[in-house]
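J.: Have a look at this prediction, sequence included:
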Amino acid sequence: MSRRSRWFLVLLGFFALFVLVGGLLVLSVAGGPTIPHRSVLWVSLGGEIPETDQRSPIERLLLRRVPTVLEHLEVLEAAAADRRIAAAVVEMKGFGGGWAKADEIREALVAFRKSGKPLVAFMESGETKDYLVATAGERIVMPPSGVLLVNGLLADVPFYKGTLDKLGVEADLEHIGAYKSASEVYTRDSMSDAGREAMSLVLDGLYGRLVSVVAGARSLPRDRVTQAFDEGFLTAGRGKELRLVDDLLYRDQLEDELAEKTGGELRTVTESTYLATLGRKTGAPRLAVVHIDGVIASGRSATDALGGASTGSETVARALRSAREDDGIRALILRVDSPGGSGLASDVIWREVELTRKAKPVVVSMSDLAASGGYYVAMGADAIVAGENTLTGSIGVISGKFSLRGLYDWIGLKRDQIKRGENADIFTDYRPFTEGQRALLMRQMESFYADFVHKAASGRKKSVAEIDAVGQGRVWTGGQARERGLVDEIGGFARALEIAKSKAGIPAGRSVTLVELPGARGLFESLRSEGGDGTLGRGVLRALLPAPLRKAVSDLGVVDRVAGESYLYLDPRLLGSP
């Protein structure tokens, strides 16, 4: 095939794509969905609950829409006041969000119930987090063959030192903060005493909250709930005996019951369909929502090959400047769901938040994670709102590198080096740091930690000593952080919105238009390869690993029943920078 023919086929393909997109847009405008009277809103909660829509334009055409957290909240609030919606069902299908998201969506479901409309929770099977959300319903329904796995919480931390030893890899890592334990998974075989202490307190907070919510929702004594959780692996029938479940019905039986109560014919509406009917409020005051979603890295926001999202400092700084310079935007909500990341990138975002505060109010809404770098970007805001189960704090620093000399020797690879400059080889993966290089690294980390603590103290109106006492790399639940002055209030996005409206002088009952930033990626932007400083993978130490080992090492931190990692790392390449 000639070169001219190949170019013709490429252009023909792009033309066909644009025709398809245009056709779908015309159809969407011409025939939008309608909501029948006495409809039942069917809320399906399964898999990850994203903070932002990470799909490319092509993926939006081909893949099913998954509502974001804020869209779930918007749908439930609108449906509660919509006369066409007679009732709602929340179907639990393996809730993939964290504990703070579970709390936030549960509270929105409870608010829907307060409108006086029936809310039923249905699940064929469910784990602890599914059950927590389901307790928002006035009834919990399962099929007779259903299974309920409500067996509490597990902190399962993998340690890789033994694996690295077998490969001849040495983790040469340092940290500032007695409780800054993220790097321990590469340098130890088990939890340190400080790491175990901090994790135990987090588990106590999460588990205590879980038991309290379930006990209150089901009108059960706390000891009855803990006994049920200790038993853990329950049939639906056993769940009913323990008063954790109300009715044993198959889905068709539940649908027949709902049809009878809503006029004889079941008319269900999905969240995605309902969302498409919600128009933008014209003439309403505008507030911006800027998202910090995923690992914080320098450069532009991106999604890596493994599907992990990163928030780029360049992208967020541009969004903050746009909101700051737009006179029509009255206030800004910084929505944070991040385990941390680059210290430099976090500081760049912190600076833009400081500049924005001088022009208009900035309120932080913390989701599942706002720890370390995620806390750094938030600490200077006018107000910080966290969920009871948000994981936050972790004021500390990690840095270092991996020495691959043993691995290279094992595979027979030899390297010879000539240098000019005492520390020209400071970043080499052929050996650990020298004592002089380690001292230089520690001096830089101590300086960064001192700056972190100072800025947190200024933002929180605390003394440096007070922040250092609750810092040292220690992670807190939102409730624990509130007690220690690291956050101002407990609540979800709705509470942050109330505070932002108040600070902007907008009456509490007035509707507002939310402008979400950064906006969705365009077609050509999504096709372009983007990346900042190579830190797109989850885990600070994966970012420090040489390329051959990055994909071979699993994520850091607590997995399974608790949460992801929390870290702020100082790239050793920044040594000597101001």
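T.: That came through fine.

J.: What helix or strand is Val363 located in?
T.: When secondary structure is defined using DSSP states H and E, the element that contains Val363 is strand 362-371.

J.: Paired strands for that strand, with orientation please.
T.: strand 329-338 (parallel), strand 383-386 (parallel), strand 391-393 (parallel) (DSSP bridges).

J.: first vs last residue of stretch 397-408, how far apart are they?
T.: Its first and final residues considered, stretch 397-408 spans 29 Å by CA to CA, to the nearest Å.

J.: er, stretch 75-92 I mean
T.: Stretch 75-92: ends 17 Å apart by CA to CA.

J.: and what of stretch 362-382?
T.: Counting by CA to CA, the length from the leading to the trailing residue of stretch 362-382 is 6 Å.

J.: For the chain, name the helix or strand with the lowest mean pLDDT.
T.: Taking mean pLDDT, DSSP states H and E as the measure, the helix or strand of the chain with the lowest value is strand 559-560, at a mean of 29.

J.: Just give the number of residues close to Asp156.
T.: Here the number of neighbours of Asp156 (other CB atoms under 10 Å) works out to 9. C-beta coordinates here come from the backbone N, C-alpha and C atoms, glycine included.

J.: what are the bridge partners for it, then?
T.: Here Asp156 sits in beta bridges with Val559, going by DSSP bridges.

J.: and it, how far is that from Phe229?
T.: Using CB to CB, to the nearest Å, one gets 17 Å for the distance from Asp156 to Phe229.

J.: Who are the packing partners of whatever helix or strand Ala494 lives in?
T.: For Ala494, the host element (DSSP H and E) is helix 493-503. The criterion is 3 or more CB pairs under 8 Å, 6 or more residues apart in numbering; DSSP states H and E, and the helices and strands that helix 493-503 contacts are helix 69-81, helix 99-113, strand 286-293, strand 329-338, strand 362-371, strand 383-386.

J.: how about low-confidence regions in this protein?
T.: Segments of the chain classed as low confidence (criterion: pLDDT under 70) are 1-32, 54-64, 280-281, 303-308, 519-564, 573-578.

J.: out of the helices and strands packed on helix 493-503, deepest packed?
T.: Using mean count of other CB atoms under 10 Å, the stretch among the helices and strands packed on helix 493-503 with the greatest mean number of neighbours is strand 362-371 (a mean of 30).

J.: relative orientation of it and helix 69-81 in degrees?
T.: Per axes from the mean of the first three to the mean of the last three CA atoms, to 10 degrees, the angle that strand 362-371 makes with helix 69-81 is 120 degrees.

J.: Pull the distance from stretch 102-115 to the chain's centre.
T.: Relative to the mean C-alpha coordinate of its chain, stretch 102-115 is positioned 19 Å out (CA atoms, centre = their mean, to the nearest Å).

J.: ditto for stretch 409-429
T.: On the basis of CA atoms, centre = their mean, the separation between the geometric centre of stretch 409-429 and that of its chain is 39 Å.

J.: sorry, back to before: can I get the helices and strands packed on helix 493-503 in CSV with distance to Tyr430?
T.: Shown next, in CSV, are these (distance: least, CB to CB, whole Å):
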stretch, distance to Tyr430
helix 69-81, 46
helix 99-113, 43
strand 286-293, 36
strand 329-338, 33
strand 362-371, 33
strand 383-386, 44
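
J.: between these, which one is nearest to Arg420?
T.: In terms of CB to CB, the element of the helices and strands packed on helix 493-503 nearest to Arg420 is strand 329-338, at 40.0 Å.

J.: Show me what the next helix-or-strand element following the closest one packs onto, helices and strands only.
T.: If you walk from strand 329-338 toward the C-terminus, the next helix or strand you reach (DSSP H and E) is strand 340-342. On a contact count with 3+ CB pairs under 8 Å, 6+ apart, strand 340-342 meets strand 295-297, helix 373-376, helix 540-544, strand 567-569.

J.: what does strand 340-342 contact?
T.: Identification of contacts with strand 340-342 by CB atoms under 8 Å, 6 or more residues apart in numbering yields 295-298, 310-311, 313, 346, 371-376, 394, 532-533, 535, 540, 543, 565-569, 571.

J.: Return the distance of the following helix or strand past it from the chain's centre.
T.: For strand 340-342, the succeeding helix or strand toward the C-terminus, using DSSP H and E, is helix 343-357. In terms of CA atoms, centre = their mean, the centre of helix 343-357 is found 19 Å from the chain centre.
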